[in-house]
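**Student:** Return a 3D structure for these sequence lines:
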Amino acid sequence: MNATRMLVYSHDAFGLGNLRRMLAICEHLLSCWPGLSVLLVSGSPMIHEFRLAKGLDYIKLPCLNRGPSGALSAKYLGTSIDETVALRSQLIQSAAAHFKPHLLLIDKKPTGLQGELKATLHYLKTNLPHSKCVLLLRDILDTPKKTIKEWCQYGYYRTIQSAYDRILVVGMQSVFDLVQTYRLPLPVAYKVRYCGYIRKPTGLCNRVKVRLQLGLTPTDRLVLVTPGGGEDGYSLIHTYLTGLKSLQSSAVSTDCSSNSSLEGSANPSAISPTISPTISKGRFHSLILCGPEMPAEQCQGLQQLAADCTNVSFNSFTNELFGYLQASDIVVSMGGYNTLTEILTARKRAVVLPRVKPSQEQLIRSTRFAQKRWITLLSPKRATPTLLIETVLTQLSNPSLPPEGLDFNGLSQVYSHLRELVMHPQQPAFRRIPAVSPTWKSVLLA
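**Tutor:** Numbers count the residues shown, from 1 in each chain. Got it, this is the predicted structure:
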């Protein structure tokens, strides 16, 4: 087969993580798969901000939004959720009918948001039976109880058994055993392939370029604060800036007092004798990436708070996050898949405050990573401004150590599995059996 067409569905209800992950996969596939054409469908309002590789195009769907409760609604249109989903569903099916993909790669939801992929899956099975369907899952979805309930409620097990050829997990089984934890029944578990984490290309923006843009000297220390897409990142940045403001105010008071002493002082500069005096006084640069989806009024409020702090820069969005990571000495972030894997790729220390609702996916991932000493985890419930800034100062004074035991072969493994599936369609999926719970019955498929 000289020319291959792939239709990609990118889940888009919240943040930029899913889109960035799927774009990285598409770009890698195009770089090493001759004759591949990729059509991506997504409702992300930021897709136009990304540079697209040759061979990749997209169809923009109407935006959906997931609120704090997890309920979906139309983000911009004055239409009901049912009307919006129906429109999206028709657009996706029309794209499949005209593009005639050899391969359909679905992100996260086996039947799409609110079941919007059901019509497309049925169309392909009826009209293009040789097309292959692959489900791509990140390492962690949510708590076992919630995930199992959702997959049973929406018939995902039956859909995967009847419509999908593979499940590719971009994670490590040794970190989180998705098959065992979510008790996948044997007919579904047989189709699972663990691929390792995704290591994205370094991009055009590197450490030297970023630090020059910020006016930093080679010895200046840089703290990068990023809440990902930023829609729910206000609390993280507010906590950090409040702690920084307190630190710098205490440092000024200490410097102005001729009788002050670090010993017995209650100010943050007395955190630890191992912390450099320059760092303990807040003499480092902080770069705040608010995220493109943070409400404008929240971003303005944070900039006003930062006005009382020295050495703070703001930016709303960059599609060259990895360059900023390389330029930093430590990162303060939430616990999203893309953010944490990119931090570890750049071999940076991280202080992580994960999102805990409506999904606990970030908390579970951050906990597993912290157990392996890849990151420093702070519970959002107890992460006061003082505790956060103290933790940052401590980590700034410690040398960065490369994480051990991480598998970053995700992109190459995804390519290998997809290419094999298309080029050798008759090869059976049952090459090996992942570990599954013997107590979990296939009756779920009935």
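**Student:** In a strand, residue 38, correct?
**Tutor:** Yes - looking at residue 38 with DSSP: H, G, I helix; E, B strand; the rest coil, it is inside a strand.
**Student:** any idea how far it lies from residue 199?
**Tutor:** According to Cβ to Cβ, to the nearest Å, residue 38 and residue 199 sit 20 Å apart. In this view, the C-beta of every residue, glycine as well, is placed from N, C-alpha and C.
**Student:** Give me the more crowded residue out of those two.
**Tutor:** Taking neighbours as other Cβ atoms under 10 Å, residue 38 and residue 199 compare with residue 38 leading, 27 against 20.
**Student:** Can you find the helix or strand in the protein with the smallest mean pLDDT?
**Tutor:** One helix or strand of the chain scores below all others by mean pLDDT, DSSP states H and E: helix 277-280, with a mean of 65.
**Student:** What pairs with the helix or strand following that helix, parallel or antiparallel?
**Tutor:** Toward the C-terminus, helix 277-280 is succeeded by strand 285-289 as the next helix or strand (DSSP states H and E). With DSSP bridges as the test, strand 285-289 is paired with strand 222-226 (parallel), strand 312-315 (parallel).
**Student:** Let's test this: mean pLDDT of the first one, rounded?
**Tutor:** I take that to be strand 222-226. Strand 222-226 shows a mean pLDDT of 95.
**Student:** now do the shortest one
**Tutor:** Model confidence over strand 312-315 averages 89 on the pLDDT scale.
**Student:** Quick one: distance of the next helix or strand after that strand to the chain centre.
**Tutor:** Per DSSP H and E, the first helix or strand lying C-terminal to strand 312-315 is helix 321-327. Here the centre of helix 321-327 is set off from its chain's centre by 15 Å, with Cα atoms, centre = their mean, to the nearest Å.
**Student:** Which strands or helices does helix 321-327 pack on?
**Tutor:** Packing partners of helix 321-327 (3 or more Cβ pairs under 8 Å, 6 or more residues apart in numbering; DSSP states H and E): helix 207-213, strand 222-226, strand 285-289, helix 337-345.
**Student:** Could you say which of those is packed most deeply?
**Tutor:** Most buried of the helices and strands packed on helix 321-327, by mean neighbour count (mean count of other Cβ atoms under 10 Å): strand 222-226, with a mean of 25.
**Student:** quick revisit: quick one: which of the strands paired with strand 285-289 is nearest residue 395?
**Tutor:** Ranking the strands paired with strand 285-289 by proximity to residue 395 (Cβ to Cβ) places strand 222-226 first, at 9.4 Å.
**Student:** now the helices and strands packed on helix 321-327 as JSON lines including distance to residue 323?
**Tutor:** As requested, the helices and strands packed on helix 321-327 are exported to JSON lines (distance: least, Cβ to Cβ, whole Å):
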{"stretch": "helix 207-213", "distance to residue 323": "5"}
{"stretch": "strand 222-226", "distance to residue 323": "11"}
{"stretch": "strand 285-289", "distance to residue 323": "11"}
{"stretch": "helix 337-345", "distance to residue 323": "11"}
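**Student:** looking at those, which is closest to residue 184?
**Tutor:** The nearest among those, by Cβ to Cβ, is helix 337-345 at 19.7 Å.
**Student:** What helices and strands are in contact with that closest one?
**Tutor:** Here helix 337-345 touches helix 17-32, helix 321-327, strand 330-333, strand 349-352, helix 361-371, going by 3+ Cβ pairs under 8 Å, 6+ apart.
**Student:** contacting residues around the first one?
**Tutor:** With contacts defined as Cβ atoms under 8 Å, 6 or more residues apart in numbering, helix 17-32 is touched by 6, 8, 10-12, 36, 38, 40, 42, 44, 46-47, 50, 52-56, 105, 107-108, 136, 138, 170, 198, 200-201, 228-229, 336-339, 411-412, 414-415, 418.
**Student:** Are any of the residues you listed buried, and if so which?
**Tutor:** 6, 8, 10-12, 36, 38, 40, 42, 44, 46-47, 50, 52, 55-56, 105, 107-108, 136, 138, 170, 198, 200, 228-229, 336-339, 411, 414-415, 418 (16 or more other Cβ atoms under 10 Å).
**Student:** any low-confidence regions in the stretch 151-300 of the chain?
**Tutor:** Across the stretch 151-300 of the chain, the ranges flagged by pLDDT under 70 are 202-205, 252-282.
**Student:** Do you have the helices of it handy? List them.
**Tutor:** Remark: helices assigned in the stretch 151-300 of the chain by DSSP state H, counting those that start in this stretch are 156-163, 178-181, 186-189, 207-213, 234-256, 277-280, 296-306.
**Student:** How about the stretch 1-150 of the chain?
**Tutor:** With helices called from DSSP H, counting those that start in this stretch, the stretch 1-150 of the chain shows them at 17-32, 81-99, 118-127, 144-153.
**Student:** What strand or helix carries residue 388?
**Tutor:** Short version, using DSSP H and E: residue 388 is in helix 385-396.
**Student:** Ok, which of the helices of the stretch 151-300 of the chain comes nearest residue 318?
**Tutor:** Nearest to residue 318, of all these, is helix 207-213, at 9.4 Å by Cβ to Cβ.
**Student:** ok, and what's touching that closest one?
**Tutor:** Applying Cβ under 8 Å, 6+ apart, the set of residues contacting helix 207-213 is 218, 220, 222, 323-324, 326-327.
**Student:** Report the buried members of the residues you listed.
**Tutor:** Buried subset of these (neighbour count, 16+ other Cβ under 10 Å): 222, 323-324, 326-327.
**Student:** Reformat these as a markdown table; add distance to residue 119.
**Tutor:** Listed next are these as a markdown table, based on distance: Cβ to Cβ, whole Å:
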| residue | distance to residue 119 |
| --- | --- |
| 222 | 49 |
| 323 | 41 |
| 324 | 41 |
| 326 | 44 |
| 327 | 46 |
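**Student:** Only the C-alpha atoms, please, for the strand or helix carrying residue 415, written as CSV.
**Tutor:** Assigning secondary structure by DSSP H and E places residue 415 in helix 410-423. Provided in CSV are the C-alpha atoms of helix 410-423 (Å, rounded to 0.1, in the frame of the first residue of the first chain):
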residue,chain,number,x,y,z
GLY,A,410,6.0,5.9,23.0
LEU,A,411,6.1,7.6,19.6
SER,A,412,8.2,4.8,17.9
GLN,A,413,6.1,2.1,19.4
VAL,A,414,2.8,3.7,18.3
TYR,A,415,4.2,3.9,14.8
SER,A,416,5.3,0.3,14.8
HIS,A,417,1.9,-1.0,16.0
LEU,A,418,-0.1,1.2,13.6
ARG,A,419,2.2,0.4,10.6
GLU,A,420,2.0,-3.3,11.3
LEU,A,421,-1.7,-3.2,11.6
VAL,A,422,-2.2,-1.5,8.2
MET,A,423,0.6,-3.4,6.4
